[in-house]
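Engineer: Quick check, what structure comes out for this input:
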Amino acid sequence: MGIWTIAQILSFAVIICLMALFSRASSLFRQSLLLQVIFSICAGFLYGFIMACVDVTIYGIPQFWPYYLSGFSFDFLHAIGNGGFYLILSPIFRRLFLKIIKKEGHVT
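Structural biologist: As a prediction, the model looks like this:
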């Protein structure tokens, strides 16, 4: 654990808040796997952007854009991985959550 953990926590918190906002604001977003996958891909890019913003501030890097663009290929791979894993894991977790909800007697 290092100083970069602050940036990771901040980036992830922003993404969680955005996901909650979209989920509460739009039933279309909650029901559309395609929109959720697109969000997960965008979240990969947003995560890298926020990380770069915080890193530049913490480490005193004088030029933001060269620093950000040097990590863009990693952000691209991260985004594609997010989309792929979301496509694979979303149906599995959805079934598991529904099973838990039914087992515990929660109303859906």
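Engineer: can you list the weak-confidence ranges in the chain?
Structural biologist: The chain contains residues with pLDDT under 70 at 106-108.
Engineer: What strand or helix carries the most centrally placed residue in it?
Structural biologist: If you average the C-alpha coordinates of the chain and look for the closest C-alpha using CA atoms, centre = their mean, you land on Ala43, 3.9 Å from that point. According to DSSP states H and E, Ala43 maps onto helix 33-59.
Engineer: buried residues in that helix?
Structural biologist: Within helix 33-59, the residues that qualify as buried by neighbour count (16 or more other CB atoms under 10 Å) are 36-37, 39-41, 43-44, 46-56. C-beta here means a position set from N, CA and C on the backbone, and glycine is covered the same way.
Engineer: what do you get for stretch 61-78?
Structural biologist: Counting neighbours by 16+ other CB under 10 Å, one finds that the buried residues in stretch 61-78 are 68, 75, 78.
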